[in-house]
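Trainee: Pasting the sequence and the predicted model now:
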Amino acid sequence: MAGLVELSDLVVRFHARTGLFRTVAIHAVDGVSLTIEAGETVALVGESGSGKTTLGRASLRLVRPASGSVRFDGRDITDAPERELKGFRRQAQAIFQDPYSSLNPYHTVREAVEEPLAVHGIGTAAERTDRARKALEDVQLRPADVFLPMYPHLLSGGQRQRVGIARALVLEPRYVVADEPVSMIDASSRAELLYLLRDLQATYGIAFLYVTHDIASARHFAGRIAVMYLGSIVEIGTPEAVVERPLHPYTKALIDAVPEPDPANRLRERPVVPGEVPSAADPPAGCPFHPRCPRFMAGRCELQRPTLREVEPGHYAACYLYEDET
Amino acid sequence: MTPRGMLRELLATGPGKAGMGLLVALLALSLYALVAFPLDFGAKRWSNPSVWADNPRSVPPVWTGLLSGGRSMPHTVLETEEPAEVSGATRTYRLRLEFEADVPPTFLTVAVAGVRYHARPPRLEVVVRRPDGTSVVLARPQVPGPRSGEAAPYERFGEGSLRVALTSGERTTTALRELFLDEYAADVPPEDLRDALARAIVSVPEPGAPDGLRLLRGSYDLELRATFDDPRDELGSVRFVAGGSRFGLMGTDSLGRDLAQGLLIGLPIALFIGITASIASTAIGATLGIVSGYMGGKTDLVIQRLADVVANVPLLPLLIFLVFVVGSHLLLIILFLVAFSWPGLTILVRSMVLQLRSGQLVESAVVIGASRWRIMSRHIFPHTAPYVLAQMIFFAPAAILAEAGLSFLGLGDPSVVTWGQILESGFRTGAVFLGWWWWVIPPGVAIVITALTFMLLALGMEPVVNPRLRSGAPAGYRALGAGR
Amino acid sequence: MTPLLDVRDLRLHYETPRGPVRAVDGVSFEIGSPGEVVGIVGESGSGKTSMANALMRILPRNVARYDGEVLYDGEDLMALTDERFRKEVRWRTMAMVFQGAMSSLNPVLNVGRQVTERVLVESGASKREAYRKAEELLELVGLPRDIIKRYPHELSGGMKQRVVLAMALMMDPRILILDEPTSALDVSVQAQVMNLLKQLKRERGMAMLFITHDIALASDLCDRVVVAYGGEHVESGTLAEVLTAPKHPYTQKLIASIPRLHDPAQPEFIPGRPPDLVDPPSGCRFHPRCDFAFEPCDSDVPPWFEAGGAQHARCWLLGQSKGRG
Amino acid sequence: MSFVRPLAVRAVTLIGVLLAVLVLLVVSLGATGFSDRMLRAVVGEEVRGLRTALAETIRDPVELERAVEAQRGELERFYGLDRSWYTRLPDTVLRVITLDLGEARTLKSSSGSRRVSDIILERLPNTALLITTALVITAAIGLVVGSTMAARAGTKLDRALSYFAATSFAIPAWWLGILMILLFAFQLRLLPAGGMYSTPPPEAGLLRFLDLLWHAVLPVFSLVLVTVGPYLYSVRTMTLSVAQEDHVMVARAKGLPEGVVVRRHILRVAAPPIVTGLILGLTSSLGGSILIETVFNWRGMGRLYFDAVAGTPDEAVIVALTFVFTLLYVAARWLLEVLYVLLDPRVRYT
């Protein structure tokens, strides 16, 4: 079965200069395969530097992969030049983290929401306004006519983020990458926005890649969770399976680190993995997590990178702990 | 921020208000100057000495009389086309000079124009009738006779006039000496008289008085008597000029040029230099900065290196060199200024664009499929606009000062009048050492006010651009240094 | 028994062109004894950071009103002159870890200078002694010794946060104020820092004021919790009381809005916007967003009602059952 | 080392500047025909001399003409006039780079040398004295006033000083010099109007030096007055922006005395851009010295430049001086880079 978005063995490198003539390659994404089906929501969970954002950007062809392939709706767009991506750009959109910097402060809400239509030459001016109005109503900015002439600085963070969503959805895309869409919004309002996204996704049958550092919200809003560490997906499965039966030691550590509102917590120390994420410029050989792994197996983990394997139906992990069972 | 918002913000500040007011005043004044003066004023009039021949030289402005007390001699030009009296072949043109000042005129000239005769040239005689009834013949100007091959009637002084200085020359000295001897029985030594002729004409001798002369106030009749041979002969006009001890709003320079006119015509030129140079420079700077920052790669590298080189060139010495070698046409000067002043903005804009490029704003435009051109013009440019505008405002005074500096070194465009050139001629003539302040202070003040207008606007722009620029001095600092 | 720190009716208003911003508007709380950690929980705009600044007397230029009582061991710190406050209170009595460790360090001084400099401005301080202590503290917070020579730009966010913590401990303060100390950190590093704080509390008997927007995080460390909303405090009590039986509707909603990792119950949310601190709603500041608002809420400011145990809340719902207090 | 790279990159750029300016000089001299005209004038002069000398020995006018023409041809070949200007370009550039600056046509050093390098070296210290004195005073005032102003940002005094800065920016130093002469030299008769020494100059030693300082007062004052405004304003702005950073708040919260906070946590952090501004000021007054030295008849490089341009144009001197100005400018710029690297541990990769 072919998914809407198919990433296979994707590698994305950045180059950073360190000396007069030396540059190092940073492996932001290091051989990731992931398929997103039409209409499903996949959460990409990881800490900073895990490459989750880069993976999302690569799936939108905002960065050009060093190797591997990106296929959208069966078509290979890995190396397509920008001018051939116009059709893809119409169907794949993004919602950004920072509603303050992703909206142009010099454009009104109308300009922001109509711009995608104008860029793709869709409809007459009047039709574009109608579609913008409908998009605003879809994101609960009502009455739309009040918001159309406003500049972003007059809106609250949540309202701006809704404008960003309307801008992404006005083209009626089939695939949307939402990169930390609620992390800059007050905790008590986050759920509201996530519900909105879920409703829109259900209504229009959009495939979502929900990129987040917050595994708890991923649990509630995604159909599948993929956990990334240092450029690789280390575990993937249904939210329930990943959260309640984590396989990879990193996933376990990540889940253990999440604070839960439980009065008993303060009496015990949290089990944590030592150290910090190593630099992606010089990733460890073998399993990227092995230097910090509490279940490190010498002579194995540091030699070759484990691949994702299905440990239980629909639940995959890249860890040698589960290799012996088969 | 919208342009209107920016203007509102600007006008909310004290400096912004002051700068805007000054700018409007300067623009209105230069509009007036452009309407009132011909475009070739510099080449055709300012540098043509005959235009200014009737003016007193190196005299202070009229209004200084109010400060110094005493009655100054007003500059008086008397002209007539009709004879006051005709007796036989002699026509007398008479003009009355009321002399009430505490100082004598700086000079006295007569000018005759439009002579036409048929046989022999008319014989002319200049007479002054003084308030005490005495009179003296000061000069007998000669009208040139017919040339060979020329046919009657003979036209003389149709364009320029026959101009005779009455306050210099041996003839006047002798005439006055005789007058004093005959009428007042006073023997004034000619060497005393020679240096005080203008004074002597309006004085009676009096021992003990300065120069041995006491001013005689009252009405003077200045007469030109012309005796014609043929009744058809004509004389167009007669003009007497009594040089004032003060002149015009701003005084005169050593050529008698009315400095007020020079100052006024200098304004639109200064504004032209400042505005065109700053628009051109910022347009180039901003465009290159945006292209360099957004396109990246080789384009970026080339622009960056070029900017680096040009930014590190010592501006004024090179400017002097180029103007000296290539030429000093005003447009060339502006071109050179622009050629060396864009990198500051390019570097600034590029760094802003780099930040924007990696930001979500640009990414969100790429995702919807916007073209590069659209992204640069609609999404990136507006963010840099306040800085670009501030830089534009900031560069205008820099260009004005740089041109003034060049002009001061004698490298200005000779076909236009600039304040720097007025200062240069004043400095070269020694106005500073002679205390002719009206020649060197007002042009400088004009430069400062014009430059300050833009500086105030730049200061008022500060809340708009919020200069948390850590790159040291603002980008225009260097260019500005050039004219200083 | 005199509490260690007793804050009464503290106010800090800022002057703005629109009028005074009532960032801290009459808040009271106490830290009972050494080793106690009090959490101040509130979302953006609740005035929690301003309250920390008010305690440390870090005031911007545009202060419109700054008063109240801050009793430390019974002595009113507000009465001290600026100079005495600087010398005796700052870093000695109370030290603070600011939000955003990234920008808390001077970029051109190395770690050692910054950690030791407060000690070294004291007369008679020995440089060697100070550096020895700095090394110990840096080691305590889990940093390598050679970090003392490094510059901030060479350190990761987690490392900087630890340096800032070590710096705060240099004068052995009795109270540590922590303003969102982990907000810029990843969860695993956050958990490391939280463990470190627990260790400080346990082993050094450090009293702390822990300021956060995340009530789940507060539950990891705090003995008592104060909930802030719109420049005021709306509820206080022991951690267990507030977490398991919140009395104020805002607290209830705030707790319900946390997505639970191990509980399939979906999170809730609070519609509407936080109050404008220049022109806050009359009566109870939460009433425009409250599901239970009734007749007195929009006109009368609710007083503190006792809710059993150590728990108090400012909500008319409590007054209804117990009569107006 | 981490800071070698940026410094090396800057050095390469600045050497590029030097070359670019040099090529620009030579190209504009050549392409405008200026260089040819100058050389022809030189040849013409020499031929005239030769003709008189040859006339002594060669009587026959036709013979003389031929001999003279032969000599002229030789001279033209010698100066490269037979070739087009761009073929001479590499030669000229190479000569200037090796600081073989040639001979002046009319200008001389005080010892009578016509070598351009002698003339310039004689003038260099005079300019250096003027500019560095002004710079030191500007720096001192700028730092003290600018940083105190930052602490009082928004007050009446601050606003007044910002107006002063704008005005100071808008005044040409040379015109201010003229005002100074009018006021202090002619009206009040307090200070000399120009020159570097009284006539007759005092004997060498302290008196002579004091006389020099006495003459330097007005030019230095003019320079300072126009540079100090913008400088103190930029110091104010930079200090203010550092003062708003979080680490300063932390430093205060630590209980450090205010003096330490200002020195160590504000000024020290703002130092790199402040020094940048200062050296930029130095480089711009290097150009400005041409004007101010002209006004005050100060025998420095600037006055020399003016004399070379204003009188009978002296090509060799103009080229050499433009080059030396660029050299000094580039040296100052590089010094700036070094200082920046020393002051700021966060060496940025450019």
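Mentor: Cool, got the structure. Numbering: from 1, shown residues only, chains lettered A, B, ... in the order given.
Trainee: Excluding sequence neighbours, find me the nearest residue to the residue of the stretch 51-200 of chain D found nearest chain C.
Mentor: Here the stretch 51-200 of chain D gets closest to chain C at one residue, D:Gly154, 7.3 Å apart by C-beta to the nearest C-beta. Bear in mind the C-beta positions are built from the backbone N, C-alpha and C, glycine included. The spatially closest residue to D:Gly154, leaving aside those adjacent along the chain, is C:Arg61, at 7.3 Å (C-beta to C-beta, 6 or more residues apart in numbering or on different chains).
Trainee: Residues of chain B that sit close to chain A?
Mentor: Applying C-beta under 8 Å from any C-beta of the partner chain, one finds that chain B approaches chain A through B:1-2, B:359-361, B:363-371, B:374, B:378-379, B:382-383.
Trainee: what about the chain, any weak spots by pLDDT?
Mentor: Unless you meant another one, I'm taking chain A. A:1, A:17-22, A:324-326 (pLDDT under 70).
Trainee: was after chain C, sorry
Mentor: Filtered on pLDDT under 70, chain C yields the residue ranges C:321-325.
Trainee: ranges for the helices of it?
Mentor: C:48-56, C:82-84, C:111-120, C:127-140, C:157-169, C:187-204, C:215-218, C:239-244, C:249-256, C:316-322 (DSSP state H).
Trainee: Now do the phi/psi pair for the residue nearest to D:Gly154.
Mentor: phi -70, psi -30 (degrees, to the nearest 10).
Trainee: returning to that earlier point: drop anything exposed from the residues of chain B next to chain A.
Mentor: B:1, B:360-361, B:363-370, B:374, B:378-379, B:382-383 (16 or more other C-beta atoms under 10 Å in any protein chain shown).
Trainee: Can you flag which of those residues belong to helices?
Mentor: Judged by DSSP H, those include B:Gln360, B:Leu361, B:Glu363, B:Ser364, B:Ala365, B:Val366, B:Val367, B:Arg374, B:Pro382, B:His383 as members of helices.
Trainee: Does the first one touch A:Asp98 like I think?
Mentor: Yes - judged on C-beta atoms under 8 Å, B:Gln360 makes contact with A:Asp98 at a distance of 5.6 Å.
Trainee: Burial check on the residue nearest to C:Ile148 when sequence neighbours are not counted, number of neighbours?
Mentor: In this structure, C:Ile148 finds its nearest non-sequential neighbour in C:Gly112, 3.9 Å apart by C-beta to C-beta, 6+ apart. C:Gly112 has 18 neighbours, counted by other C-beta atoms under 10 Å in any protein chain shown.
Trainee: Which parts of the chain are helices?
Mentor: If you meant another chain, say so; for now it's chain A. A:52-59, A:86-91, A:109-119, A:125-138, A:144-147, A:157-169, A:187-204, A:215-221, A:239-244, A:249-257.
Trainee: Chain D is the one I meant
Mentor: Using DSSP H, helices in chain D cover D:4-31, D:34-57, D:61-79, D:85-97, D:116-151, D:156-170, D:173-180, D:206-243, D:246-253, D:258-260, D:268-296, D:301-310, D:315-343.
Trainee: re earlier: same list as before, the helices of chain A that is, but in TSV and with distance to D:Pro313 included.
Mentor: Formatted as TSV, the helices of chain A follow (distance: least, C-beta to C-beta, whole Å):
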stretch	distance to D:Pro313
helix A:52-59	62
helix A:86-91	62
helix A:109-119	59
helix A:125-138	65
helix A:144-147	69
helix A:157-169	65
helix A:187-204	74
helix A:215-221	78
helix A:239-244	83
helix A:249-257	78
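Trainee: So which of these is nearest D:Pro90?
Mentor: Proximity to D:Pro90, assessed across the helices of chain A by C-beta to C-beta, is greatest for helix A:52-59 (50.8 Å).
Trainee: Check the offset of that closest one from the chain's centre.
Mentor: 7 Å (C-alpha atoms, centre = their mean, to the nearest Å).
Trainee: Quick one: neighbours of the residue of the stretch 301-450 of chain B found nearest chain D, just the number.
Mentor: For the stretch 301-450 of chain B and chain D, the shortest gap (C-beta to the nearest C-beta) falls at B:Leu316, measuring 3.2 Å. For B:Leu316, the count of nearby residues is 28 (other C-beta under 10 Å).
Trainee: Is B:Gly412 in contact with B:Ala402, as I believe?
Mentor: No - in this structure B:Gly412 lies outside contact range of B:Ala402 using C-beta under 8 Å: 11.4 Å.
Trainee: So between these two, which is more surrounded?
Mentor: Between B:Gly412 and B:Ala402, counting by other C-beta under 10 Å, B:Ala402 is the more crowded of the two (32 against 25).
Trainee: So is stretch C:153-161 next to chain B?
Mentor: No - using C-beta under 8 Å from any C-beta, stretch C:153-161 stays clear of chain B, coming no nearer than 14.7 Å.
Trainee: er, stretch D:135-148 actually
Mentor: No - Stretch D:135-148 lies apart from chain B when judged by C-beta under 8 Å from any C-beta; the minimum separation is 11.1 Å.
Trainee: what bits of the stretch 1-150 of chain D have low per-residue confidence?
Mentor: Residues of the stretch 1-150 of chain D that meet the criterion pLDDT under 70 lie in D:1-3.
Trainee: So which bits of it are right by chain B?
Mentor: So the stretch 1-150 of chain D meets chain B at D:Thr13, D:Leu14, D:Gly16, D:Val17, D:Ala20, D:Val21, D:Leu24, D:Leu25, D:Ser28, D:Leu29, D:Thr32, D:Phe34 (C-beta under 8 Å from any C-beta).
Trainee: from what I can see the third one touches B:Val310, true?
Mentor: No - proximity of D:Gly16 to B:Val310 does not meet the contact threshold set by C-beta under 8 Å, at 10.7 Å.
Trainee: Have a look at those two and say which one is more surrounded.
Mentor: A count of neighbours by other C-beta under 10 Å puts B:Val310 above the other of D:Gly16 and B:Val310, at 19 against 16.
Trainee: what helix or strand is that one on?
Mentor: Here B:Val310 sits within helix B:297-311, counting by DSSP states H and E.
Trainee: Just name whatever secondary elements the helix or strand following that helix is in contact with.
Mentor: Using DSSP H and E, the helix or strand that follows helix B:297-311 in sequence is helix B:315-326. Judged by 3 or more C-beta pairs under 8 Å, 6 or more residues apart in numbering or on different chains; DSSP states H and E, the packing partners of helix B:315-326 are helix B:330-341, helix B:381-408, helix B:477-482, helix D:4-31, helix D:268-296, helix D:301-310, helix D:315-343.
Trainee: List phi and psi for the residue of the stretch 201-325 of chain C found nearest chain B.
Mentor: Residue nearest to chain B within the stretch 201-325 of chain C (C-beta to the nearest C-beta): C:Val278, separated by 19.9 Å. C:Val278 adopts backbone torsions of phi -80, psi -40, taken as degrees, to the nearest 10.
Trainee: swap in B:Gly444?
Mentor: Dihedral angles for B:Gly444 - degrees, to the nearest 10 - are phi -60, psi -40.
Trainee: Report the spatially nearest residue to it, omitting neighbours in sequence.
Mentor: D:Trp175 (3.9 Å).
Trainee: thinking the one you found is in contact with B:Ala446, fair?
Mentor: No - contact criterion C-beta under 8 Å: D:Trp175 and B:Ala446 do not qualify, at 10.3 Å.
Trainee: neighbour count winner among those two?
Mentor: Applying other C-beta under 10 Å to D:Trp175 and B:Ala446 shows that D:Trp175 carries more neighbours, namely 29 against 22.
Trainee: List the contacts of the more buried one.
Mentor: Contacts for D:Trp175 (C-beta atoms under 8 Å, 6 or more residues apart in numbering or on different chains) come out as B:Ala404, B:Phe408, B:Leu423, B:Val440, B:Gly444, B:Ile447, B:Val448.
Trainee: Need the three-state assignment for the fourth one.
Mentor: If I follow you right, that is B:Val440. Recorded secondary structure, B:Val440: helix (DSSP: H, G, I helix; E, B strand; the rest coil).
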